[in-house]
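Chemist: only geometry, no sequence info:
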């Protein structure tokens, strides 16, 4: 059976999981028992790439070459970047359609950074499972739009993974919770992660997980809490503005804030301190009550989406049978308290909120590989999909919370004589005006010239099980399929991804060459060492002149290993082998003869 | 239930009932995955009144058969067909589970639509619509002045009234469904049992509508009323909810 893994590609932390043959999900740990890979990538001055804990440790020291929380920029263009983002990251401003982080001479898009994290997860999975891993299920925030989903798929492709399915994070969590229960009822999943917030309302019925409604905010999470606390810390320290604004100081303060936040989930007060690069120590005492005052507006922002989701699901809070907390930020007592109030019940957090999404992804991987036939996910599209019509109005074709896959067919005609194409602008969002919705793509369908209004093109908008839009068109008069040239508004184009893949294959070839050279050299050294020993130990077995021949071949090989041509090294190794074969055979027969004479040498019956 | 029209299955080459999977070989046939009759898709007669729980069970059963997650190992053509088939199943469920959408779909099957009737506010509701909008304006004004408490109480009372009203209109619609079903006599063979049961109920509760046209005109009127009450309720609920910043 092919091995499919489930990956939680988080804003701050990522994990990989799989379903074992018994149908139980497991999170993969590395050699040192670490399950979490911090979603951080750091580029070293020597051209190396660090991923995970090692990269995270460098974040406060090398903020300019260390990228954190890249997920926040998946599928986004420079139009969506805030002033605060610009303070924290250096962006490449050349292409407005894609956010790219500038690192020295190079720049990296969010999918490329994510691909590096995915590669590390893939490597870990391959080590743990002992074999190739080429297929994966990756989780995404439920409220991710089409571009953000596409960017996640792109990241998988760049990491050499076929992304079989994108699963919404809260839905994955529901899978993990509902694994062994033949339970029936309504469940709310409240998922506050490092960078995103989601809420989903599901109906569980004998293995079917039907999402009734979802809502959220793709730019709200624990990161924002850290920012607020860091600002509070620096604000009270009386530092010069340029010091406060420095990337390094910001990164140090954020790290200290994050740690203090975690301590305050159990302690009532804590000291939060940073030592600035110039040696100045900044410290303040933070009480939980003060933290709660700071973050109350953030927590409040999660409640609106919860109410909307309930309304869309057609349920009152008291009709929810269970509320599940997911994501590290749900450890914050204020978050728990507000959730408890809203849903009028004690929320569940039995499973580790950091691991539950990955476990669910592992289960979905198992469903796809046929390991769990009893469970089935019926998910929804989080945002309405439509097209721009006359007067810049968004005309909805598919309403939010429609179960996917789903499709809608629209027929278009021409407005002027001999028009050769119909142009369509696809949008996603809940606002009335096209300008207020997210532009997904523009496409153009070629048509046969005809009088105005005569042409009929039938366009099928299909949202697949990943929540990604596919468009097909057909000429109604001729019945011919029409090609649709889709230009994504934000995100990488297919050509860009192809090029990135080619580059990585080129790199891969370089890597292969380096490995082959290293192997050839090691082999050569082994042969040289063995031959040297044989010449010394069995000199009596040499024929006249034979030693000189062997020595010449050895010298040639030694000279060859200083070069970088691994083929040449192999040839010379083979040459030495050939020259010394008669000698080696004599050594072999002698030791064989000796072994037969002394049967006790290896004990037992060596030649039986 | 008998289905007379058939489609050629691309997989086994046999003629099969126009369903999502070939009845002969069980493979999802891309030829068969065209938009079909939503009622027939679930094996239900063309009746307006239906048991939503039963529909849900039928929906889950079809999902378990066609969902792309379960066809992941199949050849691409079948995989794509399963996506299309599931999209149809999902759209069908969406259209039938909600009584208003079901009625609109049912009307479309009969070559009818709400048409102009839905554009005007039903006369019975005109005063109500005006009153509620005025009340919401007052609430907003009061909030601006900083003393919205009393206006909020009023709005909450209106919300509760509208909720009760919505329930009543829904009941009237369901009741009308049973009479319309009985009067139209439409439906696939096999649905007769259900039809005669509904007719019995209809006679007990309904007025003396003799032809199909009467209940149908009433269906349209109730639908229109229902959608207005729904919109009003939604407006009030939205206004009453604690505001959150975006």
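Modeler: Cool, got the structure. The model shown is predicted, which means the values in this text are computed figures rather than measured ones.
Chemist: Flag every residue of chain B that's near chain A.
Modeler: Selection of chain B residues close to chain A by CB under 8 Å from any CB of the partner chain yields B:56, B:60, B:63-64, B:67-70, B:72-73, B:83-84, B:86-88, B:90-91, B:93-94, B:237, B:241-242, B:244-245. Every C-beta, even on glycine, is put in place using the N, C-alpha and C of the backbone.
Chemist: From those, list the buried ones, please.
Modeler: For these, burial is judged from neighbour counts taken by 16 or more other CB atoms under 10 Å in any protein chain shown, and it is met by B:56, B:60, B:63, B:67-70, B:72, B:83-84, B:86-88, B:90-91, B:93-94.
Chemist: for chain B, which helix is longest?
Modeler: Looking only at chain B and at elements set by DSSP state H, the helix with the highest residue count is helix B:149-184.
Chemist: ugh, wrong one, chain A
Modeler: Max-length helix for chain A by DSSP H is helix A:494-537.
Chemist: And the contacts of the next helix-or-strand element following that one?
Modeler: Going down the chain from helix A:494-537, the next helix or strand is helix A:546-561, by DSSP states H and E. With CB atoms under 8 Å, 6 or more residues apart in numbering or on different chains as the contact definition, helix A:546-561 has outside contacts at A:520-521, A:524-525, A:527-528, A:531-532, A:535, A:539, A:568-569, A:571-573, A:575-576, A:579-580, A:582-583.
Chemist: coming back round to it: for the longest helix of chain A, packing partners?
Modeler: For helix A:494-537, the contact count by 3 or more CB pairs under 8 Å, 6 or more residues apart in numbering or on different chains; DSSP states H and E identifies helix A:146-158, helix A:546-561, helix A:566-597 as packing neighbours.
Chemist: Going by neighbour count, list what's buried in the helix or strand harbouring residue B:222.
Modeler: Taking DSSP H and E as the definition, one finds residue B:222 inside helix B:213-240. Of the residues in helix B:213-240, those buried by neighbour count under the rule 16+ other CB under 10 Å are B:214-216, B:218-229, B:232-233, B:235-236, B:239.
Chemist: Could you point out which residue ranges in chain A have low pLDDT?
Modeler: Within chain A, the stretches with pLDDT under 70 are A:1, A:179-182, A:505-512, A:514-515, A:592-608.
Chemist: So which residues on it come close to chain B?
Modeler: That would be A:164-165, A:205, A:208, A:210, A:297, A:300-301, A:303-304, A:307, A:311, A:364, A:367-370, A:373, A:376-378, A:402-408, A:462, A:464-465, which are the residues of chain A within reach of chain B (CB under 8 Å from any CB).
Chemist: taking those residues one by one, which sit in helices?
Modeler: When those are checked against helices using DSSP H, the ones located there are A:297, A:300-301, A:303-304, A:307, A:311, A:364, A:367-368.
Chemist: As a check, name the ranges of all helices in the stretch 51-200 of chain A.
Modeler: Secondary structure of the stretch 51-200 of chain A (DSSP state H, counting those that start in this stretch): helices at A:53-58, A:83-88, A:110-129, A:146-158, A:169-177.
Chemist: Could you single out the most deeply buried of these?
Modeler: Looking across the helices of the stretch 51-200 of chain A with neighbours counted as mean count of other CB atoms under 10 Å in any protein chain shown, the highest average goes to helix A:169-177: a mean of 29.
Chemist: Which neighbouring elements make contact with it?
Modeler: In this structure, helix A:169-177 packs against strand A:4-9, strand A:135-140, strand A:184-192, strand A:197-205, strand A:208-217, strand A:322-326, helix A:356-368, with contacts taken as 3+ CB pairs under 8 Å, 6+ apart.
Chemist: May I see these organised as a markdown table, with mean neighbour count added?
Modeler: Supplementary listing: the helices and strands packed on helix A:169-177 in a markdown table, determined by neighbours: other CB atoms under 10 Å in any protein chain shown:
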| stretch | mean neighbour count |
| --- | --- |
| strand A:4-9 | 30 |
| strand A:135-140 | 27 |
| strand A:184-192 | 24 |
| strand A:197-205 | 26 |
| strand A:208-217 | 24 |
| strand A:322-326 | 25 |
| helix A:356-368 | 30 |
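Chemist: I'd like these as CSV, with distance to residue B:129 appended.
Modeler: Supplementary listing: the helices and strands packed on helix A:169-177 in CSV, determined by distance: least, CB to CB, whole Å:
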stretch, distance to residue B:129
strand A:4-9, 49
strand A:135-140, 42
strand A:184-192, 33
strand A:197-205, 30
strand A:208-217, 27
strand A:322-326, 37
helix A:356-368, 46
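Chemist: of the ones you listed, which approaches residue B:111 most closely?
Modeler: Checking the helices and strands packed on helix A:169-177 against residue B:111 by CB to CB gives strand A:208-217 as the closest, at 32.9 Å.
Chemist: quick check, distance from that closest one to the centre of its chain.
Modeler: Taking the mean of its C-alpha atoms, strand A:208-217 sits 22 Å from the chain's own mean (CA atoms, centre = their mean, to the nearest Å).
Chemist: picking up where we left off before, which strands or helices does the longest helix of chain B pack on?
Modeler: In terms of contacts (3+ CB pairs under 8 Å, 6+ apart), helix B:149-184 is packed against helix B:99-109, helix B:123-145, helix B:192-205, helix B:213-240.
Chemist: Pop the domain breakdown of chain B in here.
Modeler: Following the assignment in automatic domain parsing, chain B carries domains at B:6-97, B:137-240.
Chemist: Low-confidence stretches in chain B?
Modeler: Residues of chain B that meet the cut-off, pLDDT under 70, sit at B:1-36, B:115-120, B:185-214, B:242-246.
Chemist: Residue A:316: neighbour count?
Modeler: Using other CB atoms under 10 Å in any protein chain shown as the criterion, residue A:316 is surrounded by 10 other residues.
Chemist: give me every residue that touches it.
Modeler: When contacts are counted by CB under 8 Å, 6+ apart, residue A:316 is found next to residue A:310.
Chemist: what do you get for residue B:103?
Modeler: B:48, B:173, B:177, B:219, B:223.
Chemist: The fourth one contacts residue B:176, correct?
Modeler: Yes. In this structure, residue B:219 sits in contact with residue B:176. The criterion is CB atoms under 8 Å, and the distance is 5.4 Å.
Chemist: rewinding a little: Serialize the helices of the stretch 51-200 of chain A to TSV and add fields for distance to residue A:562.
Modeler: As requested, the helices of the stretch 51-200 of chain A are exported to TSV (distance: least, CB to CB, whole Å):
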stretch	distance to residue A:562
helix A:53-58	33
helix A:83-88	48
helix A:110-129	32
helix A:146-158	37
helix A:169-177	54
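Chemist: ok, back up a step: most tightly surrounded among the helices and strands packed on helix A:494-537?
Modeler: Comparing these on average neighbours, where mean count of other CB under 10 Å defines a contact, helix A:146-158 leads with a mean of 25.
Chemist: That one to helix A:110-129, inter-axis angle?
Modeler: Angular relation of helix A:146-158 and helix A:110-129 on a 0 to 180 degree scale: 50 degrees, by axes from the mean of the first three to the mean of the last three CA atoms, to 10 degrees.
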